[in-house]
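**Student:** Kindly return the folded structure for what I paste below:
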Amino acid sequence: MKFPKSLEDLIENFKLLPGIGEKNAERLSFAVLKFNEDQIENFSNSILNVSKKIKKCTRCNNLTEDSDLCSICEDDSRDGSVICVVESTKDLILFEKSNAFKGKYHVLEGLISPLEGINPDDIKINELINRIKDEKIKEVILALNLSMEGETTSLYIIKMLEGMDVSITKIAAGIPVGADMEYLDSLTIQKALEGRIKID
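**Tutor:** Down below sits the predicted model:
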């Protein structure tokens, strides 16, 4: 038996989401069928609003909605001399939830991966180097996944910063090799920041 076309279309759209297969897409679609009119309107509006209103911070690449700069970049109470370098906005949110870091961030939007054709120019490394120069940054914290791609990216950034008057540190204790940042808890992230090591 085939589903009605509109339901089939909804199922196919849910399958576009990461980790959603046929069965989950069907389950989510049938859940939507149970929504009342207000819930349907709110649901569809939230998807449209995310598409139309969310943009990248022009300084750090975090997500923002109402202005060109995100709320963290606009916050003068934070330490502007320290930048924590992360792969994605999801990683930034994890650090924020840990409440352990009060500096600024830089989101690379990816990691160097020659096998996948991702080169240094494909992510936001040049923007990071420019910020370090322009904003008189004193410390750069490398908070990237301890994977081959994360290590390659870290080494590239370290090389780019050679000869610059900036301290480079790396998150340390509690982060297992090969661990994906998004699965770490707040305490582990806090300890990793506190135990960061200086890179010579």
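**Student:** Strands along the chain, start to end?
**Tutor:** Assigned by DSSP state E, the strands in the chain fall at 55-56, 63-64, 79-86, 103-107, 139-142, 167-170, 197-199.
**Student:** Which of the helices and strands in the chain ranks last by mean pLDDT?
**Tutor:** Least confident helix or strand, the chain: helix 186-194 with a mean of 64, by mean pLDDT, DSSP states H and E.
**Student:** Would you map out the domains in this protein?
**Tutor:** Listed domain ranges for the chain are 5-53, 66-199 (source: automatic domain parsing).
**Student:** can you redo those as a markdown table with mean neighbour count and distance to Arg59?
**Tutor:** For every residue, glycine as well, the C-beta is placed using N, CA and C. Output for the domains of the chain, formatted as a markdown table (neighbours: other Cβ atoms under 10 Å; distance: least, Cβ to Cβ, whole Å):
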| stretch | mean neighbour count | distance to Arg59 |
| --- | --- | --- |
| domain 5-53 | 12 | 19 |
| domain 66-199 | 16 | 5 |
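**Student:** Going by mean pLDDT, which of the ones you listed comes out lowest?
**Tutor:** Among the domains of the chain, domain 66-199 has the lowest mean pLDDT, at a mean of 86.
**Student:** Please tell me how far that one is from the chain's geometric centre.
**Tutor:** Domain 66-199 sits 10 Å away from the centroid of its parent chain (Cα atoms, centre = their mean, to the nearest Å).
**Student:** what do you get for stretch 49-60?
**Tutor:** Worked out by Cα atoms, centre = their mean, stretch 49-60 lies 13 Å from the chain centre.
**Student:** So that it lines up with my notes, have the first residue be 49 from now on.
**Tutor:** Sure thing, new numbering starts at 49, so read that last one as stretch 97-108.
**Student:** Can I get the biggest helix by length in the chain as PDB, trimmed to CA atoms?
**Tutor:** Using DSSP state H to define each element, the chain has its longest helix at helix 85-101. Extracted as PDB, the C-alpha positions of helix 85-101 are listed here (Å, rounded to 0.1, in the frame of the first residue of the first chain):
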ATOM      1  CA  GLU A  85      -4.000  23.500  13.300                       C
ATOM      2  CA  ASP A  86      -2.100  25.800  15.700                       C
ATOM      3  CA  GLN A  87       0.700  23.300  16.200                       C
ATOM      4  CA  ILE A  88       0.900  22.700  12.400                       C
ATOM      5  CA  GLU A  89       1.200  26.500  11.900                       C
ATOM      6  CA  ASN A  90       3.800  26.900  14.600                       C
ATOM      7  CA  PHE A  91       5.800  23.900  13.300                       C
ATOM      8  CA  SER A  92       5.900  25.100   9.700                       C
ATOM      9  CA  ASN A  93       6.600  28.800  10.800                       C
ATOM     10  CA  SER A  94       9.600  27.700  12.900                       C
ATOM     11  CA  ILE A  95      11.100  25.900   9.900                       C
ATOM     12  CA  LEU A  96      10.500  28.900   7.700                       C
ATOM     13  CA  ASN A  97      11.900  31.300  10.300                       C
ATOM     14  CA  VAL A  98      15.100  29.300  10.700                       C
ATOM     15  CA  SER A  99      15.600  29.300   7.000                       C
ATOM     16  CA  LYS A 100      14.900  33.100   6.600                       C
ATOM     17  CA  LYS A 101      16.200  34.600   9.800                       C
END
